[in-house]
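**Student:** next input, structure requested:
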Amino acid sequence: MHRLFPLLLLVLITAPLHASVLKIGTLHIEDAVPLFLAEREGFFGEAGVPVELIPFQSALERDSALTAGAIDGAITDPVGALLLDQGRGLLRITALCLGATPAEGPFAILAAPKSSLRTVDDLKGVEVAVSRATIIDYVTDRLLAERGFTPAERRTIDIKKMPIRLQMLLGSQVQAATLPEPLAAIAMGRGARLLVSDADSTTSLSQTVFVFRRPVLDERKGEVAAFFVAYGRAVLLINTEPERYRPLFVDKGRIPADLSATYPIPAYPEPAPFPRELYAPVIDWLAERRLSPPLAYEQLVDRDFLARDE
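**Tutor:** Predicted coordinates:
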């Protein structure tokens, strides 16, 4: 029997009879698909925890809601989580969502269709369009550093809105840009050239994570445990029969119609704490740039969200 199912029994036995709603902020990205499947299949109700998925149009709106306490948790990335918390004790990273392996990396540095750039080495001293002080900036810097670029050779230009960055790349207004999937695939379909992807790295450079506000983890640990049991059931279904859930993946992941039949469905990690080895390079990068205080792993990462499994 899979380890999640004994945990489900314990959660059902000990869950409160009238659990309050857990409000989870989401964007329409592929990372959130198991949440929507768990909602559709009634897994949250079966685990004894009512969950409301609240969609946001932007990360800024989601983060504002999280800070204000309008939502209890969300899917974000570790760079965003650390920048939002800043050592104030607002939230904790609970589980890895996507990014356990390099193959799940969704970011690519692309050359403009009319650019003379042909290889990643051609990027030395060339401005790459990114959104600064974000996961995209972090991944871009690490990708180039891994390939031997000195700090002086790693140059970026700040273009925060991804649709504008995409259009500027396709119009050759910038020579290169870093984009996430599926925008990277869209750009390549329109003539942009792939120079390097974080999927090519030897280690995972980009992840998405679940975060919960600290009061929620302190006061509602049983409900959070139940939430992850339900989420884990959805992950198992998708990983077992990914093609069965392609329509949901295409819909909730906002995959363009011309990519809907071939876009790869990732293997989602089962619920587990965010690894220390993935946390360390993120906080080091932020601290070096004085974007965040050098926060210890234990200050931001909760390893006890599945305490009922012990």
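**Student:** going forward, measure contacts and count neighbours with C-alpha atoms only.
**Tutor:** Noted.
**Student:** what about the strands in the stretch 201-310 of the chain?
**Tutor:** Per DSSP state E, counting those that start in this stretch, the stretch 201-310 of the chain has strands spanning 208-213. These are given in chain order.
**Student:** okay, now the unreliable bits of it?
**Tutor:** 306-310 (pLDDT under 70).
**Student:** for the helix or strand containing L66, what is the average pLDDT?
**Tutor:** Assigned by DSSP states H and E, L66 belongs to helix 59-68. Averaging pLDDT along helix 59-68 gives 95.
**Student:** what does stretch 100-115 give?
**Tutor:** Per-residue pLDDT values across stretch 100-115 average out to 92.
**Student:** follow-up on the earlier one: figure out how far the helix holding L66 is from the centre of its chain.
**Tutor:** If you compare the mean C-alpha spot of helix 59-68 with that of the full chain, they lie 15 Å apart, counting by Cα atoms, centre = their mean, to the nearest Å.
**Student:** report the buried residues of it.
**Tutor:** Residues of helix 59-68 classed as buried under the neighbour-count rule (16 or more other Cα atoms under 10 Å) are 62-63, 65-66.
**Student:** following the chain past it, name the next helix or strand.
**Tutor:** On the C-terminal side of helix 59-68, the nearest following helix or strand under DSSP H and E is strand 73-76.
**Student:** what's the helix holding L66 in contact with?
**Tutor:** Contacts to helix 59-68, defined as Cα atoms under 8 Å, 6 or more residues apart in numbering, come from residues 25-27, 56, 71-74, 76, 84, 90, 213.
**Student:** just put the residues you listed in a markdown table and tack on neighbour count and distance to E270.
**Tutor:** Output for the contacts of helix 59-68, formatted as a markdown table (neighbours: other Cα atoms under 10 Å; distance: Cα to Cα, whole Å):
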| residue | neighbour count | distance to E270 |
| --- | --- | --- |
| G25 | 26 | 20 |
| T26 | 23 | 18 |
| L27 | 22 | 20 |
| F56 | 15 | 24 |
| I71 | 22 | 23 |
| D72 | 24 | 21 |
| G73 | 29 | 18 |
| A74 | 26 | 17 |
| T76 | 24 | 17 |
| L84 | 18 | 25 |
| L90 | 17 | 25 |
| R213 | 20 | 21 |
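**Student:** which residue sits closest to R190, ignoring its sequence neighbours?
**Tutor:** Setting aside the residues directly before and after it, R190 is nearest to L170 in space (Cα to Cα, 6 or more residues apart in numbering), at 7.3 Å.
**Student:** just the helices in this structure please.
**Tutor:** According to DSSP state H, the chain carries its helices in the segments 4-14, 33-41, 43-46, 59-68, 78-85, 135-146, 162-170, 183-189, 214-219, 221-240, 246-252, 276-288, 297-300.
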